[in-house]
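**Q** got a predicted model here, sequence first, then my questions.
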Amino acid sequence: MRIAVKVGTSTLTHSTGRLDIRRVETLCKVLSDIKNAGHELILISSGAIGMGVGKLNLSARPSDMPGKQAAAAVGQCELMYVYDKLFGEHNHTVAQILLTGEDLREERRHGNFVNTLQRLLELGALPVINENDTISTDEIRVGDNDTLGALVAVSVAAEELIVLTDIDGLYTADPRRDASARLIPEVREITPELRAAAGGGGSALSTGGMATKLTAAELCMAAGTDMVIVNGQRPDILYEVLEGKAVGTRFIGKKA
Ligand code: GLU
């Protein structure tokens, strides 16, 4: 199977912005094992800004654009250093691809990206993709990595996009505020009710939340790609997703 995995800042770092070493080590081990089992893997990783905040000892995520871009420039190096080291321990080679929205919208650049990604997979490398935050301005950026993950998964016809986040899946209401909220195991259509249930979101260090995940799911479903949202707290959950167990929320891609 060709699988895209999107990992959010909240899975990779503590609330300080510093790396969650134990979790990231497990994540890289599980992903390496999935690759060893013969699956093609593409990783869409956030965490550049969050890790930049940690590395630069900033007290909070910057709110201005140059501040975010500077943090991303520092954090992206750190992120790739960690991936290179941890995947290297399992004999996997990582490749960094940084994209803007424009790269995906403009036909020629999109074609180049897909060809390169395809070749990297043929070479057995593990592409690690993030938005090119350091040069992305409002006009050209994708803006959030849930959407970026979906655009990448669809571009290379991945069978599924697995989104690792800090909650078990999509709920009928915000489970942090409403005790009667129930996890929704399967979604076949994004309805206005679902959008209302998803609310806004994001944590102090990251961008997304459930709203961007629904947008991503919509893109995937329309292209026939399944998307699954699961809690990244325990990266072993990826095995359960691939074994077809009912974990998290699965958005079913439309089959022609
Ligand atoms: N590209 C951002 C980063 O690496 C994250 C965007 C997102 O999480 O949606 O920090």
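**A** Great, that's in hand.

**Q** which parts of the helix or strand encompassing K213 are buried?
**A** Assigned by DSSP states H and E, K213 belongs to helix 210-222. For helix 210-222, the neighbour count (16 or more other CB atoms under 10 Å) marks M210, A211, T212, K213, L214, T215, A216, A217, E218, L219, C220, M221 as buried. C-beta coordinates here come from the backbone N, C-alpha and C atoms, glycine included.

**Q** quick one: average confidence on the helix or strand where A71 lies?
**A** Using DSSP H and E, A71 maps to helix 65-88. Throughout helix 65-88, pLDDT has a mean value of 96.

**Q** buried residues in it?
**A** Buried residues in helix 65-88, defined by neighbour count with 16+ other CB under 10 Å: 67-72, 74-76, 78-80, 82-84, 86-87.

**Q** show me the contact partners of that helix.
**A** Identification of contacts with helix 65-88 by CB atoms under 8 Å, 6 or more residues apart in numbering yields 12, 19, 24-25, 28-29, 31-32, 43, 45, 47-56, 58, 61-62, 93-94, 96, 98, 126, 128, 130, 133-137.

**Q** what subset of those residues is buried?
**A** For the contacts of helix 65-88, buried by 16+ other CB under 10 Å: 12, 19, 24-25, 28-29, 31-32, 43, 45, 47-55, 58, 61-62, 94, 98, 126, 128, 130, 133-134, 136.

**Q** just the residues you listed: which are in strands?
**A** Among the buried ones among the contacts of helix 65-88, DSSP state E puts L43, S45, V94, L98, L126, V128, N130 in strands.

**Q** out of those, who's near the ligand?
**A** N130 (CB under 6 Å from any ligand atom).

**Q** tell me the one of the ones in strands among the buried ones among the contacts of helix 65-88 nearest E107?
**A** Ranked by distance to E107 (CB to CB), those are led by L98 at 19.4 Å.

**Q** quick one: contacts for the closest one?
**A** For L98, the contact set (CB under 8 Å, 6+ apart) comprises Q76, I129, N130, E131, N132, D133.

**Q** pick out the most distant pair among those residues.
**A** Using CB to CB, the contacts of L98 span at most 12.2 Å, a distance reached by I129 and D133.

**Q** tell me the residue in the chain that is farthest from the middle.
**A** Most distant from the centre of the chain: S180, at 28.2 Å, with distances by CA atoms, centre = their mean.

**Q** distance of that one relative to L194?
**A** S180 is 17 Å from L194, where distance means CB to CB, to the nearest Å.

**Q** who does the helix or strand of the chain with the lowest mean pLDDT touch, helix- and strand-wise?
**A** Every helix and strand of the chain was ranked by mean pLDDT, DSSP states H and E. The lowest is helix 192-198, at a mean of 84. Under the contact criterion of 3 or more CB pairs under 8 Å, 6 or more residues apart in numbering; DSSP states H and E, helix 192-198 touches helix 210-222.

**Q** residues contacting the helix it packs on, please?
**A** Against helix 210-222 from outside (CB under 8 Å, 6+ apart): 6, 144, 146-147, 149-151, 153-154, 161, 163, 165, 167, 170, 187, 190, 194-195, 197-201, 226-227, 229, 251-254.

**Q** quick check: residues of the stretch 51-200 of the chain near the ligand?
**A** Contact residues, the stretch 51-200 of the chain versus the ligand (CB under 6 Å from any ligand atom): A72, N130, E131, D133, D144, N145.

**Q** how long is stretch 137-155 end to end?
**A** With CA to CA, to the nearest Å as the measure, stretch 137-155 spans 23 Å from end to end.

**Q** contact partners of that stretch?
**A** With CB under 8 Å, 6+ apart, stretch 137-155 has contacts from 4, 6, 8, 42, 44-46, 65, 99-102, 104, 110, 113-114, 117, 129-131, 133, 136, 158, 160-161, 163, 207-208, 212-213, 215-217, 219-220, 223, 225, 227.
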